[in-house]
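Peer 1: predicted model, plus sequence, below.
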Amino acid sequence: MKKTVLPNATPPTWDASALYLKAERYVQHMSALDSDEWEYALWSSLSLEFLARAALANVSPALLADTEKSWASLYHALGFAPLEERFAPKSIVVSEVFKRLTAILQDFTKEHESFGIQHTGRRNTELHSGDLAFEGIKSSVWQPRFYQTCKVLLDSMGMTLRDFLGDDEAKVAEQLISAAADDSAKAVKGEVEAHKKVWLAKGEQERATLSAQASVWASRLDGHRVDCPACASKALVVGAAVSAPVQRLEDGEIIETQEYLPNQFECIACGLKVAGLSRLAVIGLSDRYKKTQVYDASEYYAPEDDYVGYEDDNNEY
(Lines give C-alpha, C1' and ligand atoms only; values in the text may rest on other atoms or scores of the structure.)
Protein backbone atom coordinates (compact mmCIF):
# COMPACT_ATOMS: atom_id res chain seq x y z
CA MET A 1 0.00 0.00 0.00
CA LYS A 2 1.39 3.41 -0.97
CA LYS A 3 1.12 6.55 1.20
CA THR A 4 0.41 9.63 -0.86
CA VAL A 5 0.32 12.14 2.03
CA LEU A 6 3.51 12.10 4.06
CA PRO A 7 4.03 13.85 7.43
CA ASN A 8 6.84 16.29 8.17
CA ALA A 9 8.87 16.31 11.36
CA THR A 10 6.94 16.96 14.58
CA PRO A 11 6.56 20.76 15.04
CA PRO A 12 8.23 22.29 18.15
CA THR A 13 4.75 22.97 19.58
CA TRP A 14 4.32 19.26 20.22
CA ASP A 15 7.91 18.02 20.26
CA ALA A 16 8.96 16.23 23.47
CA SER A 17 12.55 17.50 23.31
CA ALA A 18 11.48 21.11 22.77
CA LEU A 19 9.03 20.89 25.68
CA TYR A 20 11.66 19.30 27.92
CA LEU A 21 14.21 22.03 27.13
CA LYS A 22 11.63 24.63 28.10
CA ALA A 23 11.00 22.82 31.40
CA GLU A 24 14.76 22.72 32.00
CA ARG A 25 15.04 26.43 31.24
CA TYR A 26 12.36 27.24 33.80
CA VAL A 27 13.83 25.00 36.50
CA GLN A 28 17.22 26.66 36.01
CA HIS A 29 15.55 30.02 36.56
CA MET A 30 13.91 28.56 39.69
CA SER A 31 17.24 27.31 41.02
CA ALA A 32 18.76 30.79 40.69
CA LEU A 33 16.26 32.10 43.27
CA ASP A 34 16.10 31.62 47.04
CA SER A 35 13.96 28.62 47.93
CA ASP A 36 11.89 30.62 50.42
CA GLU A 37 10.72 33.18 47.82
CA TRP A 38 7.31 32.93 46.21
CA GLU A 39 8.89 33.27 42.75
CA TYR A 40 10.78 30.02 43.38
CA ALA A 41 7.49 28.16 43.73
CA LEU A 42 6.01 29.97 40.71
CA TRP A 43 8.85 28.94 38.40
CA SER A 44 8.68 25.39 39.73
CA SER A 45 5.03 25.19 38.66
CA LEU A 46 5.87 26.44 35.17
CA SER A 47 8.66 23.90 34.88
CA LEU A 48 6.43 21.07 36.10
CA GLU A 49 3.79 21.77 33.45
CA PHE A 50 6.27 21.60 30.58
CA LEU A 51 7.96 18.52 32.02
CA ALA A 52 4.56 16.82 32.17
CA ARG A 53 3.77 17.87 28.59
CA ALA A 54 7.16 16.56 27.46
CA ALA A 55 6.49 13.19 29.10
CA LEU A 56 3.08 12.92 27.40
CA ALA A 57 4.50 14.02 24.02
CA ASN A 58 7.21 11.39 24.48
CA VAL A 59 4.45 8.79 24.33
CA SER A 60 2.87 10.54 21.34
CA PRO A 61 2.62 14.23 20.38
CA ALA A 62 -0.93 13.56 19.30
CA LEU A 63 -1.93 13.10 22.96
CA LEU A 64 -1.37 16.83 23.57
CA ALA A 65 -3.67 18.03 20.80
CA ASP A 66 -7.07 19.48 21.70
CA THR A 67 -9.71 17.85 19.48
CA GLU A 68 -12.82 19.24 21.16
CA LYS A 69 -13.85 21.62 18.36
CA SER A 70 -11.52 20.69 15.50
CA TRP A 71 -9.16 17.95 14.43
CA ALA A 72 -6.66 20.46 12.97
CA SER A 73 -4.42 20.47 16.05
CA LEU A 74 -4.27 16.67 16.00
CA TYR A 75 -3.40 16.75 12.29
CA HIS A 76 -0.66 19.31 13.01
CA ALA A 77 0.70 17.25 15.94
CA LEU A 78 1.08 14.29 13.57
CA GLY A 79 3.35 16.37 11.36
CA PHE A 80 0.94 17.59 8.72
CA ALA A 81 0.21 21.16 7.68
CA PRO A 82 -3.43 22.06 8.43
CA LEU A 83 -5.37 23.86 5.70
CA GLU A 84 -7.55 25.86 8.10
CA GLU A 85 -7.40 29.63 7.77
CA ARG A 86 -5.72 31.45 10.67
CA PHE A 87 -4.76 28.13 12.20
CA ALA A 88 -3.33 28.24 15.74
CA PRO A 89 -2.38 24.96 17.47
CA LYS A 90 -4.34 24.28 20.63
CA SER A 91 -3.21 21.95 23.40
CA ILE A 92 -5.23 20.22 26.08
CA VAL A 93 -5.34 21.90 29.50
CA VAL A 94 -2.66 20.89 32.01
CA SER A 95 -5.10 19.08 34.32
CA GLU A 96 -5.97 16.78 31.40
CA VAL A 97 -2.24 16.23 30.81
CA PHE A 98 -1.85 14.89 34.35
CA LYS A 99 -4.97 12.72 34.04
CA ARG A 100 -3.65 11.11 30.84
CA LEU A 101 -0.24 10.51 32.38
CA THR A 102 -1.91 8.70 35.30
CA ALA A 103 -3.67 6.39 32.86
CA ILE A 104 -0.60 5.79 30.70
CA LEU A 105 2.45 5.71 33.00
CA GLN A 106 2.48 2.85 35.50
CA ASP A 107 4.50 4.74 38.12
CA PHE A 108 2.57 8.00 37.82
CA THR A 109 -0.03 7.66 40.58
CA LYS A 110 -3.16 9.53 41.58
CA GLU A 111 -1.07 11.30 44.21
CA HIS A 112 1.23 12.66 41.51
CA GLU A 113 -1.78 13.71 39.47
CA SER A 114 -3.39 15.51 42.41
CA PHE A 115 -0.19 17.35 43.27
CA GLY A 116 0.40 18.36 39.65
CA ILE A 117 -3.10 19.77 39.29
CA GLN A 118 -2.86 21.56 42.64
CA HIS A 119 0.59 23.05 42.02
CA THR A 120 -0.13 24.29 38.51
CA GLY A 121 -3.55 25.42 39.70
CA ARG A 122 -1.86 27.75 42.17
CA ARG A 123 0.15 29.12 39.26
CA ASN A 124 -3.06 29.88 37.36
CA THR A 125 -4.46 31.62 40.42
CA GLU A 126 -1.25 33.64 40.77
CA LEU A 127 -1.24 34.76 37.13
CA HIS A 128 -4.95 35.28 36.53
CA SER A 129 -6.33 36.72 39.75
CA GLY A 130 -5.56 39.15 42.54
CA ASP A 131 -4.76 36.32 44.97
CA LEU A 132 -1.17 35.71 46.13
CA ALA A 133 -1.32 31.98 45.56
CA PHE A 134 2.23 31.11 46.64
CA GLU A 135 2.57 33.63 49.46
CA GLY A 136 3.19 32.07 52.87
CA ILE A 137 3.40 28.47 51.64
CA LYS A 138 6.45 26.79 53.18
CA SER A 139 8.69 25.00 50.71
CA SER A 140 8.59 21.86 52.86
CA VAL A 141 4.88 21.56 52.02
CA TRP A 142 5.39 21.19 48.27
CA GLN A 143 9.07 20.55 47.43
CA PRO A 144 9.25 16.81 48.28
CA ARG A 145 6.18 16.06 46.14
CA PHE A 146 7.44 18.34 43.38
CA TYR A 147 10.73 16.48 43.12
CA GLN A 148 9.04 13.11 43.47
CA THR A 149 6.65 13.94 40.61
CA CYS A 150 9.51 15.24 38.46
CA LYS A 151 11.48 12.05 39.09
CA VAL A 152 8.67 9.82 37.82
CA LEU A 153 8.20 11.98 34.72
CA LEU A 154 11.93 11.99 34.02
CA ASP A 155 12.17 8.22 34.52
CA SER A 156 9.53 7.75 31.83
CA MET A 157 11.82 9.57 29.38
CA GLY A 158 15.00 7.76 30.44
CA MET A 159 16.35 10.76 32.34
CA THR A 160 17.30 11.53 35.94
CA LEU A 161 16.99 14.35 38.44
CA ARG A 162 20.70 14.96 37.94
CA ASP A 163 20.10 15.54 34.21
CA PHE A 164 17.30 17.95 35.00
CA LEU A 165 18.56 19.79 38.08
CA GLY A 166 22.32 19.41 38.14
CA ASP A 167 24.37 17.53 40.74
CA ASP A 168 23.91 19.79 43.78
CA GLU A 169 20.15 20.32 43.57
CA ALA A 170 19.58 16.66 42.63
CA LYS A 171 21.26 15.59 45.90
CA VAL A 172 18.94 17.87 47.86
CA ALA A 173 15.93 16.58 45.92
CA GLU A 174 16.79 12.95 46.69
CA GLN A 175 17.14 13.76 50.39
CA LEU A 176 13.74 15.46 50.44
CA ILE A 177 12.11 12.55 48.60
CA SER A 178 13.61 10.01 51.01
CA ALA A 179 12.58 12.07 54.02
CA ALA A 180 8.97 12.29 52.82
CA ALA A 181 8.83 8.52 52.25
CA ASP A 182 10.16 7.57 55.70
CA ASP A 183 7.06 6.37 57.56
CA SER A 184 9.05 5.52 60.69
CA ALA A 185 9.81 9.22 61.11
CA LYS A 186 6.16 9.86 61.98
CA ALA A 187 6.85 8.56 65.49
CA VAL A 188 8.41 11.94 66.24
CA LYS A 189 4.90 13.36 66.66
CA GLY A 190 4.57 11.31 69.83
CA GLU A 191 7.83 12.74 71.15
CA VAL A 192 6.59 16.27 70.52
CA GLU A 193 3.31 15.58 72.34
CA ALA A 194 5.15 14.04 75.30
CA HIS A 195 7.38 17.10 75.68
CA LYS A 196 4.34 19.34 75.29
CA LYS A 197 2.54 17.62 78.20
CA VAL A 198 5.57 17.93 80.46
CA TRP A 199 5.93 21.58 79.46
CA LEU A 200 2.31 22.44 80.24
CA ALA A 201 2.62 20.75 83.63
CA LYS A 202 5.25 23.29 84.68
CA GLY A 203 4.26 26.49 86.43
CA GLU A 204 3.72 29.67 84.42
CA GLN A 205 6.71 31.42 85.97
CA GLU A 206 9.01 28.47 85.28
CA ARG A 207 7.90 28.30 81.65
CA ALA A 208 8.52 32.05 81.22
CA THR A 209 12.02 31.75 82.69
CA LEU A 210 12.92 28.76 80.51
CA SER A 211 11.58 30.47 77.37
CA ALA A 212 13.62 33.59 78.10
CA GLN A 213 16.77 31.51 78.58
CA ALA A 214 16.07 29.66 75.35
CA SER A 215 15.69 32.91 73.44
CA VAL A 216 19.11 34.13 74.61
CA TRP A 217 20.69 30.73 73.89
CA ALA A 218 19.24 30.54 70.36
CA SER A 219 20.48 34.05 69.50
CA ARG A 220 24.07 33.28 70.52
CA LEU A 221 24.63 29.97 68.75
CA ASP A 222 25.16 29.23 65.07
CA GLY A 223 22.01 27.98 63.37
CA HIS A 224 18.52 29.01 62.27
CA ARG A 225 15.99 30.20 64.84
CA VAL A 226 12.57 28.52 64.78
CA ASP A 227 9.63 28.07 67.16
CA CYS A 228 9.65 24.81 69.07
CA PRO A 229 6.66 22.61 68.06
CA ALA A 230 6.26 21.44 71.66
CA CYS A 231 6.57 24.61 73.74
CA ALA A 232 6.72 27.47 71.18
CA SER A 233 9.99 28.75 72.67
CA LYS A 234 12.83 29.92 70.45
CA ALA A 235 14.95 26.98 69.33
CA LEU A 236 17.52 26.12 66.68
CA VAL A 237 17.83 23.95 63.61
CA VAL A 238 21.26 23.33 62.12
CA GLY A 239 22.24 21.57 58.92
CA ALA A 240 24.64 21.20 56.02
CA ALA A 241 25.28 23.65 53.19
CA VAL A 242 23.50 22.74 49.94
CA SER A 243 24.63 25.63 47.74
CA ALA A 244 27.74 27.64 47.09
CA PRO A 245 27.97 30.96 48.97
CA VAL A 246 26.75 34.00 47.04
CA GLN A 247 28.32 37.43 47.61
CA ARG A 248 26.97 40.88 46.85
CA LEU A 249 28.45 44.33 47.47
CA GLU A 250 26.25 46.74 49.42
CA ASP A 251 27.32 50.04 51.02
CA GLY A 252 30.99 49.06 51.15
CA GLU A 253 30.27 45.68 52.71
CA ILE A 254 30.31 42.16 51.29
CA ILE A 255 27.12 40.32 52.20
CA GLU A 256 27.51 36.57 51.78
CA THR A 257 24.53 34.20 51.86
CA GLN A 258 24.41 30.43 51.66
CA GLU A 259 21.56 27.89 51.79
CA TYR A 260 21.46 25.04 54.29
CA LEU A 261 19.26 21.96 54.63
CA PRO A 262 18.48 21.23 58.31
CA ASN A 263 19.24 17.87 59.91
CA GLN A 264 19.06 18.60 63.66
CA PHE A 265 16.77 20.50 66.02
CA GLU A 266 17.18 21.40 69.69
CA CYS A 267 15.10 23.35 72.20
CA ILE A 268 16.68 23.94 75.62
CA ALA A 269 13.41 25.20 77.11
CA CYS A 270 11.53 21.88 77.00
CA GLY A 271 14.45 19.63 76.11
CA LEU A 272 13.09 18.40 72.77
CA LYS A 273 15.77 17.17 70.36
CA VAL A 274 15.13 15.82 66.86
CA ALA A 275 17.72 14.43 64.46
CA GLY A 276 17.24 13.54 60.79
CA LEU A 277 15.63 15.36 57.88
CA SER A 278 12.75 12.88 57.62
CA ARG A 279 11.79 13.43 61.29
CA LEU A 280 12.09 17.20 60.90
CA ALA A 281 9.84 17.03 57.83
CA VAL A 282 7.06 15.42 59.88
CA ILE A 283 6.95 18.37 62.31
CA GLY A 284 7.35 21.06 59.65
CA LEU A 285 10.97 21.99 60.31
CA SER A 286 12.61 20.76 57.08
CA ASP A 287 12.61 24.08 55.19
CA ARG A 288 15.93 25.21 53.80
CA TYR A 289 17.36 28.27 55.51
CA LYS A 290 19.90 30.94 54.64
CA LYS A 291 22.97 31.90 56.61
CA THR A 292 24.12 35.48 56.10
CA GLN A 293 27.53 36.91 56.98
CA VAL A 294 28.74 40.47 56.51
CA TYR A 295 32.36 41.42 55.79
CA ASP A 296 34.15 44.72 55.32
CA ALA A 297 34.89 44.94 51.58
CA SER A 298 38.48 46.17 52.04
CA GLU A 299 39.28 43.28 54.38
CA TYR A 300 37.44 40.72 52.23
CA TYR A 301 39.49 41.54 49.12
CA ALA A 302 42.78 42.30 50.88
CA PRO A 303 45.64 39.95 49.91
CA GLU A 304 46.32 37.28 52.49
CA ASP A 305 49.37 37.89 54.70
CA ASP A 306 51.79 35.00 54.17
CA TYR A 307 53.40 35.70 57.54
CA VAL A 308 50.31 35.64 59.74
CA GLY A 309 51.07 33.64 62.84
CA TYR A 310 54.83 34.08 62.70
CA GLU A 311 56.77 35.91 65.43
CA ASP A 312 58.50 39.18 64.47
CA ASP A 313 62.03 38.56 63.25
CA ASN A 314 64.36 40.34 65.64
CA ASN A 315 67.79 40.72 64.08
CA GLU A 316 69.21 43.00 66.71
CA TYR A 317 72.35 41.93 68.56
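Peer 2: On my side now, so go ahead. Numbers count the residues shown, from 1 in each chain.
Peer 1: C-alpha from now on. contacts and neighbour counts both.
Peer 2: Fine.
Peer 1: which residues does V294 contact?
Peer 2: Applying CA atoms under 8 Å, 6 or more residues apart in numbering, we find V294 in contact with 253-256.
Peer 1: and these as CSV, adding secondary structure?
Peer 2: Output for the contacts of V294, formatted as CSV (DSSP: H, G, I helix; E, B strand; the rest coil):
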residue, secondary structure
E253, strand
I254, strand
I255, strand
E256, strand
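Peer 1: so where's this protein uncertain?
Peer 2: Residue ranges of the chain with pLDDT under 70: 297-298, 300-317.
Peer 1: still on that earlier bit, just give me the closest of the contacts of V294 to G276.
Peer 2: Checking the contacts of V294 against G276 by CA to CA gives E256 as the nearest, at 26.8 Å.
Peer 1: so that closest one makes contact with P245?
Peer 2: Yes - contact criterion CA atoms under 8 Å: E256 and P245 qualify, at 6.3 Å.
Peer 1: ok, of the contacts of V294, which come out buried?
Peer 2: 253-256 (16 or more other CA atoms under 10 Å).
Peer 1: for T4, what are phi and psi?
Peer 2: Backbone torsions for T4, taken as degrees, to the nearest 10, come to phi -100, psi -20.
Peer 1: my bad, should have said V192
Peer 2: Dihedral angles (degrees, to the nearest 10) for V192: phi -60, psi -40.
Peer 1: that one reaches P229, doesn't it?
Peer 2: Yes - under the criterion of CA under 8 Å, V192 makes contact with P229 at 6.8 Å.
Peer 1: how does this protein divide up, domain by domain?
Peer 2: Following automatic domain parsing, one gets these domains for the chain: 16-181, 184-300.
Peer 1: possible to save those domains as JSON lines with distance to K2?
Peer 2: JSON lines is the format used below for these (distance: least, CA to CA, whole Å):
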{"stretch": "domain 16-181", "distance to K2": "17"}
{"stretch": "domain 184-300", "distance to K2": "58"}
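Peer 1: contacting residues for the residue nearest the centre of the chain?
Peer 2: By CA atoms, centre = their mean, the chain has its centre lying nearest to Q143, at 4.1 Å. Contact analysis of Q143 by CA under 8 Å, 6+ apart lists L176.
Peer 1: what strand or helix carries it?
Peer 2: According to DSSP states H and E, Q143 maps onto helix 139-156.
Peer 1: only the buried residues of that helix, if you could.
Peer 2: For helix 139-156, the neighbour count (16+ other CA under 10 Å) marks 139-140, 143-154, 156 as buried.
Peer 1: and for stretch 207-217?
Peer 2: For stretch 207-217, by 16+ other CA under 10 Å, it's 207, 211, 214-215, 217.
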